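A.B. asks: Predicted model and sequence follow; I will ask about them next.
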Amino acid sequence: MIEHRNSVADRVRATTSGLAAMTLALTLVGCTTQSGEGVMSTTPTAAAPTDRDEPRFLIDCVDDGLGEVVTFARLEEAWASTDYLRLHACTAYPATGEPIELTPPEELVAETAAADLPGEDLVSLFALALATCVRVTPDSEPGIADVPTSILRAALELCPEAPHAGLLDAELQTRGPQ
């Protein structure tokens with residue numbers, strides 16, 4: 001009888017998880033390769049952009065599965081990618097290609113990132129934290145051990161719901177208080 005209850009509970013959890021994943025997938029816009037297919041128009045950050053139709057930042061990641069660079073306009077797009085575990089070497093940059101001014105929430109993240117990197121440009125520091133939010137590999141080069149502590153803290157501030165947030169937090173714990 002207990003086995004039957006566990007079986008039903010497992011099926012309910014599986015169905016709920018499947019529906020949540022399907023809902024998330026249906027709400028995402030997608031990604032684009034360097035060839036320009038499937039251009040997106042949403043924001044990657046928790047900060048409210050001035051124009052909701054245009055992304056403030058784009059994120060490029062190398063996709064080992066496809067063997068090419070894939071561009072995302074939202075963190076959720078990268079996290080939901082079927083090749084998520086094959087993404088590495090992510091970089092973020094202003095979508096316009098021109099200098100931008102950070103929003104107040106973005107500036108707070110950049111200031112957290114600046115703790116170990118004084119004198120660095122705040123937009124660049126925010127971009128580093130944003131790229132770290134996509135995925136950091138635990139054991140490749142460069143990997144999580146190569147990420148400055150302040151960037152790890154800023155990434156957790158920006159994206160505490162990231163699939164690898166536990167990994168970022170565990171790395172911070174191994175480094176001790178600073």
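C.D. replies: Now that the structure is in, tell me what you want to look at. The structure presented is a predicted model; accordingly, all values stated were derived computationally and were not measured.

A.B. asks: and stretch 72-90, average pLDDT?
C.D. replies: For stretch 72-90, the mean pLDDT works out to 87.

A.B. asks: That one: which residues count as buried?
C.D. replies: Buried residues in stretch 72-90, counted by 16 or more other CB atoms under 10 Å: 72-81, 84, 86-88, 90. No exception for glycine: its C-beta is placed from N, CA and C like everyone else's.

A.B. asks: quick one: terminal-to-terminal distance for that stretch?
C.D. replies: By CA to CA, to the nearest Å, the extent of stretch 72-90 from end to end equals 10 Å.

A.B. asks: Quick check: which ranges of this structure have low pLDDT?
C.D. replies: 1-53, 138-142, 178 (pLDDT under 70).

A.B. asks: now do 50
C.D. replies: 1-50 (pLDDT under 50).

A.B. asks: What residue spans form the domains of it?
C.D. replies: Domain assignment for the chain by automatic domain parsing gives 1-29, 31-175.

A.B. asks: circling back to that earlier point, from the buried residues of stretch 72-90, which single one is nearest Asp64?
C.D. replies: Arg86 (4.2 Å; CB to CB).
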